[in-house]
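Colleague: Task: produce atomic coordinates for the following.
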Amino acid sequence: EEEEYIPPPVEPRGQNQVADSRGTIERNKRRFVEEITKIRLDTDEAENDRRIKENKEKDQRYDDIQTEVHNSYQKNIQIDFTWEELEEKEDCEELAQEIEMQKAKCQSIIQTKEKLIKQFQDTLKGKDAEYHKSLETQSLNIDKLIEIMRRQFNAMRDEYNTQLNEIEAAYKKEREEVLNRNNEEINKLFEKHQKTEEMFLDRRTKDEAKYADELENLRSSEANDQQESKIKLENELQTLQKCMEDMKAVYKLNEEKLDFNLRVLKEREDHNKTQKTNMIKRLNKLKNRKRKLEEDYKKENTKLKNKNIELTNSYKRITLQFKELQKKFRRFKKSDERRFEEIWFMNQNEVYALVNKISQADRVIHEQQLGIEWKPPTDPAFNNPDLKAHVSQTNQNVSVAESQGQSKLDIGDTQSHLTGAEKTEEGKIPISKIKAVFQLLIEEMPYLIEDKIELECQNLDPRTAFKRRLDAVRKSLDITEKTTLYMLVNTFYEYSKSKKIEDLNEDNDEEKSNENEIPIEANDEDEELDIEGYEILDVLRQFQQRKEEYLSNAMLTGNPRSKKRPTFQNEEQKKELDQKAENYIWQKMTTILDERKLSVWKALDSAFAKYYQLLVDRKNLIEDTALLNTQNEELKTLLNQYLHAGVNHELKIPPTQVIRLDM
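Modeller: Okay, the predicted model is just below:
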């Protein structure tokens with residue numbers, strides 16, 4: 001078979017020329033934008049320099065004004081003081097000279113102020129000239145900007161025409177190359193395939209029509225792009241002209257504002273002069289008044305100082321006497337307390353070390369020797385190394401044991417008519433109600449819980465955290481008995497029940513008249529707490545009133561279970577109770593071993609003595625056995641040396657052949 005003819009590729013001259021033209025146009029645009037940006041940057045730099053210079057001049061003017069105000073104030077004070085001195089002089093010649101000097105000073109103050117005013121007026125005139133100069137500069141910049149924009153527009157228009165011509169030439173050249181390639185291809189095909197001439201002729205006609213359509217489409221698209229670019233540039237020109245008009249209007253408005261500010265400043269200057277005159281008159285009046293008040297103050301101050309000196313001397317004398325007496329008392333008291341604490345802590349450390357040693361020995365005997373479980377002492381006195389802290393905890397227990405001789409309070413046994421606590425079966429309230437009340441208190445009144453407990457509860461599981469919070473709320477509300485606990489729960493539910501009844505009665509009033517009103521009571525079986533957060537304080541007040549009534553009635557009826565423990569009436573009773581508590585603690589230290597444990601210790605001591613003697617005898621026998629083994633080894637070593645001696649080889653029958661030893 002003949003190889004298929006592959007025409008050579010045609011370089012896309014049109015597309016390459018379009019890309020080059022676009023790059024050229026973009027470079028020209030960038031150059032034009034840089035020229036316009038340079039004008040703006042130069043204008044901004046000039047404006048920045050002008051503002052820096054203006055700020056420096058403003059600070060200088062402010063310093064001049066402050067200096068002038070300070071100097072004028074000092075000179076005015078000096079002149080006023082001189083005028084007061086002149087009023088007392090009687091010599092006419094000297095008075096005339098002093099008056100002339102005063103006039104000269106006043107004239108110098110006026111000249112200084114006029115000089116400062118003239119300086120500000122010159123500065124204002126300079127500002128006007130600078131403003132006109134800036135307007136001229138801006139006008140020149142705008143004219144220059146317009147000239148550059150026109151030049152840029154003409155250059156861009158020429159550049160677009162040039163690039164379009166080059167693109168058109170490139171496409172024409174590309175078309176010629178395509179036509180030449182097609183002609184060559186047709187000639188080759190005619191030579192190789194004479195039989196298919198008509199078919200290739202039709203294909204050539206179709207290709208020419210296709211290429212013509214593509215060329216026409218390219219021409220039309222390029223013409224549309226040129227028209228759009230032209231319209232875009234015209235719109236940008238119109239936008240820039242509009243911006244120029246806006247800037248002119250802004251500059252005109254700023255000029256009017258500056259004129260208005262100048263008029264306002266002049267009016268303020270006149271007003272300040274009038275105010276200054278009035279203030280000077282007022283200052284003179286206040287000076288006279290100050291002089292009179294100072295004289296009155298000096299008289300009264302002298303009188304009060306004398307009285308204060310007398311009272312101060314008396315106070316110092318009494319204070320010194322009191323301090324000396326107080327120092328003596330504190331010294332003797334500290335000495336006694338220090339000696340007592342030294343003796344106390346010495347005995348306390350010795351006793352606690354002995355108690356700890358006995359406890360450890362008892363634990364070893366139970367666990368290691370007897371093989372039974374050992375239980376530590378349950379009394380906190382044996383586990384607390386600070387006996388003084390334990391004494392304060394046992395004060396109340398000792399006082400109650402001596403005065404009443406009663407056991408712990410039975411919290412559940414109370415009088416229901418005094419508490420208002422309506423008991424359920426077996427004298428208890430459902431746990432769900434108690435939990436609901438405390439849950440409401442924890443959510444609505446978190447300040448009843450200490451911050452330390454709240455932080456600890458964050459790391460605990462919900463059940464344990466709720467128990468800790470519940471105990472904290474009970475402690476805050478001083479709930480130590482079941483009676484007061486039931487009283488709190490019933491108070492909350494009674495308040496909720498009354499609120500529900502009121503709501504139901506109000507609804508009933510809307511449906512029925514007042515004569516046929518039938519109040520509806522709430523159902524106790526499925527009762528829920530209906531209390532808002534702001535109503536909890538009212539409920540707690542009712543609970544506190546009920547608790548106080550209950551305690552007062554219990555005291556009157558002589559119920560010892562509701563009576564509070566008596567407080568100390570004086571220091572002597574407190575010391576006596578502390579002494580009893582200390583005696584109780586020291587006596588308790590002697591009961592670390594009861595009679596049963598002591599008999600066990602004695603039996604173990606006897607058994608261990610026999611066991612120890614047995615071990616000693618066994619040790620002696622083991623030592624004797626070890627000594628015999630040592631002697632036996634030495635004899636074996638000596639015999640071995642004799643048997644391996646060199647003289648044995650000279651014998652016809654060596655001993656080693658006769659004696660067989662297991663060495």
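
Colleague: In PDB, list the C-alpha atoms belonging to stretch 207-214.
Modeller: In PDB, the C-alpha atoms belonging to stretch 207-214 read as follows (Å, rounded to 0.1, in the frame of the first residue of the first chain):
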ATOM      1  CA  ASP A 207     -12.000  23.100   2.700                       C
ATOM      2  CA  GLU A 208     -11.800  26.400   0.900                       C
ATOM      3  CA  ALA A 209     -15.400  27.300   1.900                       C
ATOM      4  CA  LYS A 210     -14.600  26.300   5.500                       C
ATOM      5  CA  TYR A 211     -11.400  28.300   5.700                       C
ATOM      6  CA  ALA A 212     -13.200  31.300   4.200                       C
ATOM      7  CA  ASP A 213     -15.900  31.200   6.900                       C
ATOM      8  CA  GLU A 214     -13.300  30.900   9.600                       C
END
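
Colleague: all helices of the stretch 151-300 of the chain, in order?
Modeller: 197-364 (DSSP state H, counting those that start in this stretch).

Colleague: what do you get for the stretch 551-663 of the chain?
Modeller: Under DSSP H, counting those that start in this stretch, the stretch 551-663 of the chain gives helices at 571-589, 595-643, 655-658.

Colleague: From Ala465, how far out is the most centrally placed residue in the chain?
Modeller: When Cα atoms, centre = their mean is applied to the chain, the residue found nearest the centroid is Leu455 (17.7 Å). Taking Cβ to Cβ, to the nearest Å as the measure, Leu455 falls 11 Å from Ala465. Just so you know, the C-beta spots here come from the backbone N, C-alpha and C atoms, and that holds for glycine as well.

Colleague: one step back: point out the most buried one among the helices of the stretch 551-663 of the chain.
Modeller: helix 571-589 (a mean of 14; mean count of other Cβ atoms under 10 Å).

Colleague: what about that helix, distance to the chain center?
Modeller: Centroid separation for helix 571-589 versus its chain: 51 Å, with Cα atoms, centre = their mean, to the nearest Å.

Colleague: by contact count, what packs against it?
Modeller: helix 197-364, helix 380-383, helix 387-403 (3 or more Cβ pairs under 8 Å, 6 or more residues apart in numbering; DSSP states H and E).

Colleague: For those, which has the smallest mean pLDDT value?
Modeller: Between the helices and strands packed on helix 571-589, the one with the least mean pLDDT is helix 387-403; it has a mean of 48.

Colleague: could you dump the helices of the stretch 551-663 of the chain to JSON lines with distance to Phe260 and mean pLDDT?
Modeller: Shown next, in JSON lines, are the helices of the stretch 551-663 of the chain (distance: least, Cβ to Cβ, whole Å; pLDDT from 0 to 100):
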{"stretch": "helix 571-589", "distance to Phe260": "87", "mean pLDDT": "70"}
{"stretch": "helix 595-643", "distance to Phe260": "109", "mean pLDDT": "88"}
{"stretch": "helix 655-658", "distance to Phe260": "143", "mean pLDDT": "67"}
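
Colleague: what's the closest of these to Ile110?
Modeller: Comparing the helices of the stretch 551-663 of the chain by their distance to Ile110 (Cβ to Cβ), the top pick is helix 571-589, with 85.1 Å.

Colleague: and the closest one with helix 197-364, angle?
Modeller: 90 degrees (axes from the mean of the first three to the mean of the last three Cα atoms, to 10 degrees).

Colleague: Send me helix 571-589 as PDB with only the CA atoms.
Modeller: Taking C-alpha atoms only, helix 571-589 is exported to PDB below (Å, rounded to 0.1, in the frame of the first residue of the first chain):
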ATOM      1  CA  GLU A 571     -13.900  32.200 130.700                       C
ATOM      2  CA  GLU A 572     -13.800  30.100 133.900                       C
ATOM      3  CA  GLN A 573     -16.400  27.600 132.600                       C
ATOM      4  CA  LYS A 574     -14.500  27.400 129.400                       C
ATOM      5  CA  LYS A 575     -11.200  26.700 131.100                       C
ATOM      6  CA  GLU A 576     -12.900  24.100 133.400                       C
ATOM      7  CA  LEU A 577     -14.400  22.300 130.400                       C
ATOM      8  CA  ASP A 578     -11.000  22.400 128.500                       C
ATOM      9  CA  GLN A 579      -9.400  20.800 131.600                       C
ATOM     10  CA  LYS A 580     -11.900  18.000 131.700                       C
ATOM     11  CA  ALA A 581     -11.500  17.400 128.000                       C
ATOM     12  CA  GLU A 582      -7.700  17.200 128.400                       C
ATOM     13  CA  ASN A 583      -8.000  14.700 131.300                       C
ATOM     14  CA  TYR A 584     -10.300  12.600 129.200                       C
ATOM     15  CA  ILE A 585      -7.900  12.600 126.200                       C
ATOM     16  CA  TRP A 586      -4.900  11.700 128.400                       C
ATOM     17  CA  GLN A 587      -6.800   8.900 130.100                       C
ATOM     18  CA  LYS A 588      -7.900   7.600 126.700                       C
ATOM     19  CA  MET A 589      -4.300   7.300 125.600                       C
END
